[in-house]
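*Asks:* Below are the sequence and a predicted model for it; my questions follow.
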Amino acid sequence: MQYLYPLLAVLIWSGNTVVSKQASGAIGPIEIGFLRWVLAVLLVTPVLLPAVWRNRQAIRGHAGQILVLGVLGMVVYQSCAYFAAAYTTATHMGIILTLSPLVVLGICVGLLGQVLTAGGAIGSLLAFAGVVLVISEGHPASLLDQGINRGDMLMLLACLAYAAYNILLKRWAMPKVPSWQLLYLQMVVAMFAQLPFYLASPKIGLNADNWYLVAYAGTMASIVATWMWMTAVARLGPSRSIMFFNLTPLLTALIASAWAKEQLHSYLWIGGAMTIFGVLLAELWKTPLRRARDTASRVV
């Protein structure tokens, strides 16, 4: 039962990746980024504000941490995705997001002292090769001449922000701040953090072509999926939960093909499969790298 939380969260977010692509041109990226949180806050404030007020003493002690989490997970990550949608496809976005587990692994090994495993080392290389195949559209050598397009680069930045968010969410355990209250406070942070940019940006406004995009982002993606994900991280931990991001390329590609009519090229399937297999290696092959080297030398 506990695995339903990350599974449903990833399914909803895969749909939101396609929504982000559909929003490009229909509504400004800053506009939808702000309005989704306004909608979410308006919907949950009557229910959650009284509890938050009663718990204000415990919340005050975590104010700085809540601010960082809100900016990383609700502002930087989401804003990068909305801006990326103008320059790349929803399928590309979904596949690049699959790197999030490996970014978590890299941060844990490089900065937090976690032991690097054989699966982590080999899987990282395989997943990286898969993403390179996707963002180069099947011609890796072209990256040397053309570089990475702006949308894919923004999605890589989104991966980094979200990986950091997941690690901090687990390390900054707040037992006296229930998950719904923590989610609400991050929504409020996101809304006020984006308000100045919204006021200064050009606006298209809500209309028949974009209202449902804001509605989906502000309800399913902002409230339902985010709560499910926070619950998953609290129960399973960041590394086990983020493994479900392996499903993002498949789910995003299927939704994009059915809804947005994106063409599924062979390099997408191959690159996506390489990325997924690489992440699975990193998650399932837990032999420490040093021990694996020692075993190989004895066999030789």
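*Replies:* That came through fine.
*Asks:* The most centrally placed residue in the chain sits in which helix or strand?
*Replies:* The centroid of the chain falls nearest to Y162 when counting by Cα atoms, centre = their mean (5.1 Å). Applying DSSP states H and E as the criterion places Y162 in helix 150-171.
*Asks:* Whichever helix or strand comes after that helix vs helix 150-171, what angle?
*Replies:* Sequence-wise, the next helix or strand downstream of helix 150-171 (DSSP H and E) is helix 179-200. Counting by axes from the mean of the first three to the mean of the last three Cα atoms, to 10 degrees, helix 179-200 points 150 degrees away from the direction of helix 150-171.
*Asks:* Could you list every helix and strand that helix 179-200 packs against?
*Replies:* Here helix 179-200 touches helix 29-54, helix 63-69, helix 225-236, going by 3 or more Cβ pairs under 8 Å, 6 or more residues apart in numbering; DSSP states H and E. C-beta: built from backbone N, CA, C; applies to glycine.
*Asks:* Could you pull up the contacting residues of G119?
*Replies:* 281-287 (Cβ atoms under 8 Å, 6 or more residues apart in numbering).
*Asks:* Farthest-apart pair in the residues you listed, please.
*Replies:* E283 and T287 (12.7 Å; Cβ to Cβ).
*Asks:* neighbour-wise, which of these two wins?
*Replies:* Between E283 and T287, counted using other Cβ atoms under 10 Å, E283 has the larger neighbour count: 20 against 13.
*Asks:* Now do the buried residues in the strand or helix carrying the more buried one.
*Replies:* E283 is part of helix 266-284 when elements are defined by DSSP H and E. Residues of helix 266-284 classed as buried: 267-268, 271-272, 274-276, 278-283 (neighbour count, 16 or more other Cβ atoms under 10 Å).
*Asks:* Same question for stretch 58-74.
*Replies:* Those buried within stretch 58-74 under the rule 16+ other Cβ under 10 Å are 59, 62, 65-66, 68-74.
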